[in-house]
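>>> I'd like to go over a predicted model; first the sequence, then the structure.
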Amino acid sequence: MNIIRHSPGKVLSGAVEYGNLVFVSGTVPDNPDADIRAQTANILSKIDAVLAAAGTNKSNVLSASIWVTDIRNRDQMNEAWCAWIDPAHPPARATVEAKLADPRWLVEISVIAAK
Amino acid sequence: MNIIRHSPGKVLSGAVEYGNLVFVSGTVPDNPDADIRAQTANILSKIDAVLAAAGTNKSNVLSASIWVTDIRNRDQMNEAWCAWIDPAHPPARATVEAKLADPRWLVEISVIAAK
Amino acid sequence: MNIIRHSPGKVLSGAVEYGNLVFVSGTVPDNPDADIRAQTANILSKIDAVLAAAGTNKSNVLSASIWVTDIRNRDQMNEAWCAWIDPAHPPARATVEAKLADPRWLVEISVIAAK
């Protein structure tokens, strides 16, 4: 099976496709001065684009890893998350607290999807 | 290949099956006032149930992610872990420290299993 | 499909092979008194050996999870990372901050590879 890399850069690829699996990199917000709800919505729209480039979509997300810089903000993150996911097809998920590379980022999300 | 979701909720599914892989969500303890050893044992018994529902078991766990809220408690967590795993079939694993959604939870575990 | 475990121990296997996927455990440095650049290089050489034992190599890494104990050290970690990866085949990746089991360890890396 071929390995297909999307948005390859010097450090990482935005996503890597292998067979029927798509591994999406930890995705960070383009609106770092927004609140966590808006940052999450922004990240999820970026993941939509990555999944589309790999020929799949959010209904096929198998598993998500979410890091928030303050676990007490989880509810606001979840508002954007629940507005995004296909309610008939919720992925597996784990959410923990971690500091992220830019102190303004409040959330980072990576997913594994089927295609 | 079909995607099969187990215990789907508003936010996430307890596990997602795809082909021969089962992605189990970050699983947290139902006994939050117990010590980390008992919390770990509780989580692992919950994972047993999830794996059984997906038609597999702990001998087929490929990889585990473990978060503990205080890495110095790792040895007590490992006691429950080592009592649980099939000693002939230890999974790959990574364990790091992270704050979790409920401050009483001392450990959270997610796994990827074969079936 | 068979599950093949490499370097199985009491707690975990160094890597677990299943079909065309190889799950490598969170790998830590053997040179804990070195700086993060040297620790990262050491970890990546250990991952090379694990991947070789599983019949694959760094060009087939699909996804990497990296934990650093101080996210501000990310640039030095990335120097060793960028010197290691196959520049034509960068993996997906997520990097966050986390405390690790030995306070001298500054970085831990796990990967999923194709074979």
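Thanks, I have the structure now.
>>> for chain C, what's the nearest residue on chain A?
A:G26 (2.9 Å; CB to the nearest CB). The C-beta positions use only the backbone N, C-alpha and C, and glycine is treated the same way.
>>> now do the same for stretch A:36-55: mean pLDDT, whole number.
In this model, stretch A:36-55 has an average pLDDT of 98.
>>> I misspoke; the intended subject was stretch A:92-112.
For stretch A:92-112, the mean confidence score works out to 98.
>>> and it, end to end?
Terminal residues of stretch A:92-112 lie 10 Å apart, using CA to CA, to the nearest Å.
>>> try stretch A:64-77
Stretch A:64-77 end-to-end distance (CA to CA) = 13 Å.
>>> so that stretch, near chain C or not?
Yes: applying CB under 8 Å from any CB of the partner chain, one finds that stretch A:64-77 is in contact with chain C at A:S65, A:W67.
>>> contacting residues around that stretch?
With contact meaning CB atoms under 8 Å, 6 or more residues apart in numbering or on different chains, stretch A:64-77 is reached by A:26, A:35-37, A:40, A:81, A:91-100, A:105-112, B:12, B:99-101, C:94, C:96.
>>> quick one: buried residues of it?
A:A64, A:S65, A:I66, A:W67, A:V68, A:T69, A:I71, A:N73, A:R74, A:Q76, A:M77 (16 or more other CB atoms under 10 Å in any protein chain shown).
>>> among these, which two are most distant?
The largest separation in the buried residues of stretch A:64-77, counting by CB to CB, is between A:S65 and A:Q76 at 18.3 Å.
>>> what does chain A have sitting close to chain C?
A:1, A:3, A:5, A:8-16, A:18-19, A:21, A:23-26, A:65, A:67, A:98-101, A:108, A:110, A:112.
>>> return the subset of the residues you listed lying in strands.
A:3, A:5, A:8, A:13-16, A:18, A:21, A:23-26, A:65, A:67, A:108, A:110, A:112 (DSSP state E).
>>> residue contacts, the residue of chain A found nearest chain B?
At 2.9 Å from chain B, A:A94 is the closest residue in chain A, using CB to the nearest CB. A:A94 is in contact with A:A64, A:S65, A:I66, B:S25, B:G26, B:S65, B:W67, B:E108, B:S110, counting by CB under 8 Å, 6+ apart.
>>> specify the local secondary structure of the nearest residue to the fifth one once chain neighbours are set aside.
If I follow you right, that is B:G26. In this structure, B:G26 finds its nearest non-sequential neighbour in A:A94, 2.9 Å apart by CB to CB, 6 or more residues apart in numbering or on different chains. Following DSSP: H, G, I helix; E, B strand; the rest coil, we place A:A94 in the strand state.
>>> name whatever forms a beta bridge with A:A94.
Under the criterion DSSP bridges, A:A94 forms beta bridges with A:S65.
>>> next: A:V16.
A:R5, A:F23.
>>> other residues contacting stretch A:5-15?
A:16-17, A:22-25, A:27, A:50-51, A:53-54, C:64, C:78, C:81-82, C:85, C:87, C:89-93.
>>> and those residues, which of them are buried?
Buried members of the contacts of stretch A:5-15, scored by 16+ other CB under 10 Å, are A:16-17, A:22-25, A:27, A:50-51, A:54, C:64, C:78, C:81, C:85, C:89-93.
>>> how much space separates the residue nearest to B:G26 from B:K58?
A:A94 sits 18 Å away from B:K58, going by CB to CB, to the nearest Å.
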